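**Student:** pasting a predicted model and its sequence here:
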Amino acid sequence: MSQEGYDHTAVEKRWQEAWADASVYRTPDDVTDPTYVLGMYPYPSGKLHMGHVRNYTITDAYARFRRMRGDDVLHPMGWDAFGLPAENAAKERDTNPRDWTFDCIDTMRGQMRSMGFGYDWDREIATCTPEYYEWNQWLFRRFYEEGLAERRDAEVNWCPDCETVLADEQVEGEAELCWRCDHPVEQRELEQWFLRITEYADELIDAIDDLEGWPDSVRQMQRNWIGRQYGTTLTFEVGGPETDHGAVEAFTTRADTVYGATFFALAPGHPISETIAEADAAVRTFIDEEADPEGDEPNGVATDLTAKNPVTGAELPVFVADFVLSDVGTGALMGVPGHDDRDHAFASKMGLPIEPVIAPKPDGYDPESGDPPAPPDVSEAAFTDDGVLVNSDDYTGMESAAAREAITEETAGAEPTTQYRLRDWGISRQRYWGTPIPVVHCHGDCGSVLVPEAELPVELPAFINTTGNPLDAAEEWKATTCPSCGGPGTRETDTMDTFVDSSWYFLRYVSPELSDAPFDSDRANDWMPVDQYVGGIEHAVMHLLYSRFVTKFLADYEGLTAREPFTNLLAQGMVQLDGSKMSKSKGNVVSPQRIVEEYGADTARLFMMQAAQPERDFDWSEEGVRSTYRFLTRLTALVEDHAEALSEHVPDATAALDEDDLIWVDPDDPTAAYVAGEIDATVAVATAEYDDLTFNVALREAQGLVGTLRSYADHEEPDPAVLGHGLSVAIRLLAPVIPHLAEELYATLSGKPANVVDDGVDVDSAADHPFVVDAPWPTADVDREAAELRRRLVANTREDVRQIIEVAGIEDPTAIDVVVAPDWKYDALEIAVESDADNLISAIMAESHIREQGDAAASYGQDLQAEREALSRTLPGDAEYEALRAAAWLIEREFDAPVTVARASEADDAVVRKAEPGRPAIDITE
RNA sequence: GCGGGGGUGGCUGAGCCUGGCCAAAAGCGGCGGACUUAAGAUCCGCUCCUGUAGAGGUUCGAGGGUUCGAAUCCCUUCCCCCGCACCA
C-alpha cells in the first residue's frame, strides 16, 4: 500500500500553516529564564545549503525537546546581512545591496519554514537595518568613551580585489589569500579604527578553563590564538664603530639560556635595520631583495654593529635576519644556537659559535648539593628542553625555571614580560555594505569626533556603483558639520567589520524592537547566557572570541551579569559527499530543496540526525535517505492501520495520551507486559540521549520501538491500551526531529485525523486537538540498568535458541522449553558476587538451603569459583522468569513452535541442571 | 614542530571515559526464505572461520605492558584529518 510513500508535501504544508496560525513558537517577553537555544545566524547568500539544514535541525530538535519537557524556550533566527558578497552581487546585477539582501532573506526564510524550523519569527533581526546597526554605532561610542576604541596608523592586510582591509583571521594559509575571494593579500599602511581586545587578553584566555560546555578543540584554538607567553624583556646596548643605537629590547622565554647567546638579530623591518641600510649597501640589498620571511631557510646579513649581552657583557655580532618578524615580540632577538632549533640552523649557516649552557637534568639532581652535569653536545642539534645551567657563572647548577627568575630579577633593564599573539581588533573596512563608523573628521582643530548618541543611526546613503568605496563617492553624505565646533567636517567613510554585528546579536533577540537601548537589561540578565549554541567550527576563533570580548565589555560597563555569552557550544560536523565537503566549485552539492520536494523535510531531518553524532562529519547517502523515507512510510501505515481500532478500544484516546504515561497492563498478558517494558526502556534511554544531544542514539531507540510495535501489532490481539500508548510514545520521541509527520500521526491517533481538517474544519477550531509540539515528553519510571539486563537476557536467549536449532540441524521444532534456574543458584551467585572469602565454595555451602543441593551445589560452586572475577549480577530469578515469559511470543513467532517458559520446580531435572542465572536452560523437541 | 581529534568487520559507523554479558549496535550493501503472476515494497533470518544442543578458534592500525580478563587502561610506533606556526 505504501510504496509511493506518504503525501509529505501536503502533511508538511498543513502543519506549517497550523503552527503559524497558532503562533506556537512565540516566546512571550514575560517568561522567566527560558532555555535559550541558538544556531549561528546565516549570511543570506540566497539559498539554504545542507550545512545550514544540519545546523538548524540540531537546534530545532533540541529546542523542541526542551519545550516538550516543559521548559520555556527561546529559539530565534536572524540574518548576518551585511557583507561584501551583497555588494558584488549588486554590481553584477545592476541592483543595490539592500534589495538583493532582502530578496535573499525572503527566499531563505521561506526555505526555513519549509524545513519546519520552529522559530519565533517575531524576534527576527537583520543586521543591515538601521534599527539594528544603530546599536553597532552605539557600541562603538561606548568603546570609544571607555578608551577601548582608537584610531591609529597600521599596516593592514589589504585585498586588492575586494578593495578592503582584512583582519589577520581573514587571511588564509601560507600563501596569504583573502578568505572571500582567494586573491593574494598585500600589506598597506592605513589609518584604521581598532577595538582594544588585547586589554581583555588575560581574561579571555583564563576564562577558557571554565568553559566546560565547549569542545576542547575550540578552547585550544582560542588559547593558541591569544598565544600568551611569559618571558623576559632583556635590554641590549647596540652600537657600531660610528653610531650608537642605544638600548634595544628583545623578548625571550628562555632567559636561562642568556649565557649561550652568540649573536643578536633584527627584523628587516626594525627601525635600526632601516637606519643602517641607508649606509650599508649589503643590508639594503638584503632587506629589499633577499629577505624571504616565507622561506624555510633562515637568511641574514652581517652588520658592523654589536650588541652587549646585558648579563655577560659579551659583545655579540648583530645580524639583520628574515626569520625575525617585526610583529613578534620586539622585532629583535638574542640568538642562542645551542638551545633553539632555528637559531642553531642560522648559526650553522653563518659559521657562528654554538655554546651549550643547559644540560639535561640528571635523575635525582639536587641543585643545592649536586655537581652540575656535563654540558651536552649541541654541535649537531640544539637541546631545547629545560634542564640545569652550565657554563653560566654564578647561575651554573640552577634549574632552568629558577634561573629564568633569578636572571630576570638580577639583570639591569630586565623585566618580566607577558607577550600575546592576539592583536587589537581592526574593525575598519573600506566598503559600503556595513555599519558606518559614527565619526566626523573636523576640518578645523577638533580631529575625529564621535557622532552624538542622539544623532544615531548614521544611515548609509544610497548605493553608488563605483570601483572604490561607494561611501567615498557619496559626496553629499560625506559633507557634514563637526558635532563639536559646528564647522565643516567629513564623515568617516570606513564601515565596520561584520564581526561587530555578530558579536552581540544574541542579545538583540531578547528585545528586538527596543528603540532606546541595544537590549533590555533586566530581561537580558534573566535570559542570558545562551544555553546551547550550535554552529560551524569555522567560527571557533573569530566570531566566538569577539562575542566573548563584547560580552565582557558589556558586563564591565553596561551591567550585563553574564561574562560569557555561550554556556554550551556544539561545533557541528560537515555534511559530505563521498568523503569530501560539499562545495559549489566541486559540483558535489545536494540541494536541500530537491530533498524536501522528493522526500519531505522530515525525511531530510531524520536522516541527518540519525546518521551521526552532531559533531561528527558524515557522508550524505541517497540510499540512507530512501531508507529513512521508507521508515516514515511504515510508521505512517502502522498508525493509520490501527488508529481506528484503538479509538474503539480506548474510549478517550486524547485524554489518555496527555494525562499520564502510566498504563495498566493485564498481568495475565505477558506479551503486553513485554511491550510495555520496552516502551519504558526506550523512553529512559532516548530521554537521556536527547539531553546529551546524541540524537543518533535517541532516534535509534525510537526507531527500534516502532519496529517492536509493528511486530506487536501483527501479533494476535494486541492490547489496545499498550499499543496506543506505545505509538503515542514513539511519535513523541520522534517529534523533535520529524515535527510535521509527528503532528499528523498524533492527530490521527487522537481520533482527529487530518483529513477532517482537509474537509474544511480548520485545525485551531478543533480546540481540543493538542499539538504534539506542546505535548508532554513521555516519562518512564524504570531503571535503565535493569531494562538493559532484561533486553540482554531476551536477546541472548533468542540467539541461543537460533544457534541450537541451526547447529543441531533441527528442521522443524515442535516445542521449545525455556527453564529458569532454581532459586538457590541465584542465591549462590549473589553470595559469590558479594563475597571476598578465600574459599568461595565454603562460603556458599554455609547456606543450608544451598548445601542441601549436594553435588549440584558443589559443582556450581566450582563453576563460580573458576569464573569468580568475571561474575556479575543478573536480574532476580522471578524477574528473569517474567521477562522470558513476556518475550516468549517473539520466539514463537520466529520458529512457529509453542514456547513454554517454566520455573525450575516445574521442569525435568536433566534440563534444569543446565540452567544458570542469566542463562536459562533450553530444550527443543524436534 | 606544537596543540587537538582519529585509525573498529564488504562499506558507513557506535562502543573506548566507568575493562568482563563484545565476534562487537545500527544503517547500507550482499545472500537465503516468506508474500507476489512478476517486479517493487514489506516481513523473517544469515552475512570472520570451524562446529549435528547454546561450543571453539582468529579479529577492533602495529608492537609491547598492566590484569584472572583489554576494542576498552598504560607505553612505544606507524598512518590520517583539523587548527596554529621561522612566535624569540
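**Tutor:** Sure thing, it's come through. Quick caveat: nothing in here was measured; it's all calculated off a predicted structure.

**Student:** how much space between A:Ala713 and A:Val706?
**Tutor:** Counting by C-beta to C-beta, to the nearest Å, the gap from A:Ala713 to A:Val706 is 10 Å. For every residue, glycine as well, the C-beta is placed using N, CA and C.

**Student:** got it, and A:Asp371?
**Tutor:** With C-beta to C-beta as the criterion, A:Asp371 and A:Val706 are 76 Å apart.

**Student:** out of those two, which sits in the busier spot?
**Tutor:** Set A:Asp371 next to A:Val706 and count neighbours by other C-beta atoms under 10 Å: A:Val706 wins out with 23 against 8.

**Student:** got a list of what the more buried one touches?
**Tutor:** A:Val706 sits next to A:Phe631, A:Arg634, A:Leu635, A:Leu638, A:Ala730 when contact means C-beta atoms under 8 Å, 6 or more residues apart in numbering.

**Student:** got the phi/psi numbers for the closest residue to A:Cys442 other than its chain neighbours?
**Tutor:** Spatial nearest neighbour of A:Cys442, chain neighbours left out: A:Cys482 (3.9 Å); criterion: C-beta to C-beta, 6 or more residues apart in numbering. Main-chain dihedrals, A:Cys482, degrees, to the nearest 10: phi -70, psi 130.

**Student:** neighbours of A:Cys482, how many?
**Tutor:** 20.

**Student:** please tell me how far it sits from A:Ala291.
**Tutor:** 44 Å.

**Student:** tell me where the stretch 501-650 of chain A has helices.
**Tutor:** All helices of the stretch 501-650 of chain A, identified by DSSP state H, counting those that start in this stretch, fall at A:505-508, A:521-527, A:542-557, A:592-599, A:601-611, A:622-649.

**Student:** the first one: how far from the chain's middle?
**Tutor:** The one in question is helix A:505-508. Mean-position distance between helix A:505-508 and its chain equals 19 Å (C-alpha atoms, centre = their mean, to the nearest Å).

**Student:** only alpha carbons, please: show that helix as CSV.
**Tutor:** The C-alpha trace of helix A:505-508 is given here as CSV (Å, rounded to 0.1, in the frame of the first residue of the first chain):
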residue,chain,number,x,y,z
TYR,A,505,23.3,39.8,18.1
PHE,A,506,22.3,37.1,20.6
LEU,A,507,21.5,40.0,22.9
ARG,A,508,19.2,41.7,20.4
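
**Student:** for that helix, give me every contacting residue.
**Tutor:** With C-beta under 8 Å, 6+ apart as the test, helix A:505-508 has contacts from A:36, A:38, A:41, A:78, A:80, A:125, A:127, A:132, A:135, A:518-519, A:524, A:528, A:530, A:533, A:547, A:554, A:560, A:565-566.

**Student:** what's the answer for the second one, then?
**Tutor:** Residues external to helix A:521-527 that are found in contact with it (C-beta under 8 Å, 6+ apart): A:29, A:32-34, A:36, A:74, A:507, A:510-511, A:558-562.

**Student:** those residues, buried ones only, as a PyMOL selection?
**Tutor:** Restricted to buried positions by 16 or more other C-beta atoms under 10 Å, the PyMOL selection for the contacts of helix A:521-527 reads:
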select buried, chain A and resi 34+36+74+507+510+511+560+562
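
**Student:** next step: the contacts of helix A:521-527 restricted to strands.
**Tutor:** By the criterion of DSSP state E, membership of the contacts of helix A:521-527 in strands covers A:Tyr36, A:Leu74.

**Student:** near RNA strand B too, which of the contacts of helix A:521-527?
**Tutor:** Among these, not one lies near RNA strand B by C-beta under 7 Å from any atom of the strand.

**Student:** Throw the contacts of helix A:521-527 into TSV and include pLDDT, thanks.
**Tutor:** Shown next, in TSV, are the contacts of helix A:521-527 (pLDDT from 0 to 100):
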residue	pLDDT
A:Asp29	96
A:Thr32	95
A:Asp33	94
A:Pro34	96
A:Tyr36	96
A:Leu74	97
A:Leu507	97
A:Val510	97
A:Ser511	97
A:Glu558	96
A:Gly559	95
A:Leu560	97
A:Thr561	96
A:Ala562	94
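
**Student:** ok and the host helix or strand of A:Ala747 relative to helix A:601-611, angle-wise?
**Tutor:** Counting by DSSP states H and E, the element that carries A:Ala747 is helix A:739-749. Interaxial angle, helix A:739-749 versus helix A:601-611 (axes from the mean of the first three to the mean of the last three C-alpha atoms, to 10 degrees): 110 degrees.

**Student:** quick one: mean pLDDT for helix A:739-749?
**Tutor:** Helix A:739-749 shows a mean pLDDT of 91.

**Student:** now that helix: how far from the chain's centre is it?
**Tutor:** The answer for helix A:739-749 is 31 Å, by C-alpha atoms, centre = their mean.

**Student:** export that helix as PDB, just CAs?
**Tutor:** Output of helix A:739-749 as PDB, limited to C-alpha atoms (Å, rounded to 0.1, in the frame of the first residue of the first chain):
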ATOM      1  CA  PRO A 739       7.700  17.600  13.600                       C
ATOM      2  CA  HIS A 740       5.300  17.600  10.700                       C
ATOM      3  CA  LEU A 741       4.600  13.900  10.400                       C
ATOM      4  CA  ALA A 742       4.500  13.600  14.200                       C
ATOM      5  CA  GLU A 743       1.700  16.200  14.300                       C
ATOM      6  CA  GLU A 744      -0.100  14.300  11.600                       C
ATOM      7  CA  LEU A 745       0.100  11.000  13.300                       C
ATOM      8  CA  TYR A 746      -0.500  12.400  16.700                       C
ATOM      9  CA  ALA A 747      -3.700  13.900  15.400                       C
ATOM     10  CA  THR A 748      -4.700  10.600  13.700                       C
ATOM     11  CA  LEU A 749      -4.000   8.700  16.900                       C
END
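
**Student:** what residues does it touch?
**Tutor:** Helix A:739-749 is touched from outside by A:6, A:8, A:11-12, A:14-16, A:18, A:60, A:64, A:116, A:118, A:600-602, A:632, A:635-636, A:639-640, A:643, A:646, A:653, A:657, A:724, A:727-728, A:731-732, A:734-735, A:753-754, A:757, A:769-773, A:775, with contacts defined as C-beta under 8 Å, 6+ apart.

**Student:** what's the neighbour count on the residue in the stretch 351-500 of chain A that RNA strand B sits nearest to?
**Tutor:** Here the stretch 351-500 of chain A gets closest to RNA strand B at one residue, A:Arg421, 4.5 Å apart by C-beta to the nearest atom of the strand. If you count neighbours by other C-beta under 10 Å, A:Arg421 ends up with 14.

**Student:** excluding its backbone neighbours, what's nearest it?
**Tutor:** The shortest distance from A:Arg421 to any non-neighbouring residue, by C-beta to C-beta, 6+ apart, is to A:Gly227 (2.7 Å).

**Student:** what is the neighbour count of that neighbour?
**Tutor:** A:Gly227 has 13 neighbours, counted by other C-beta under 10 Å.

**Student:** ok, it to A:Thr418 distance?
**Tutor:** 11 Å.

**Student:** how about A:Ile805?
**Tutor:** 73 Å.

**Student:** with neighbour numbers in mind, choose between the two.
**Tutor:** A:Ile805 (20 against 11).

**Student:** contacting residues around that one?
**Tutor:** A:Pro813, A:Phe895, A:Ile924.

**Student:** which residues does A:Thr101 contact?
**Tutor:** A:Thr101 sits next to A:Pro44, A:Trp79, A:Ala81, A:Ala86, A:Ala126, A:Cys128, A:Trp433 when contact means C-beta under 8 Å, 6+ apart.

**Student:** who does the second one bridge with?
**Tutor:** To tie it back to what came earlier, the one meant is A:Trp79. A:Ala126 (DSSP bridges).
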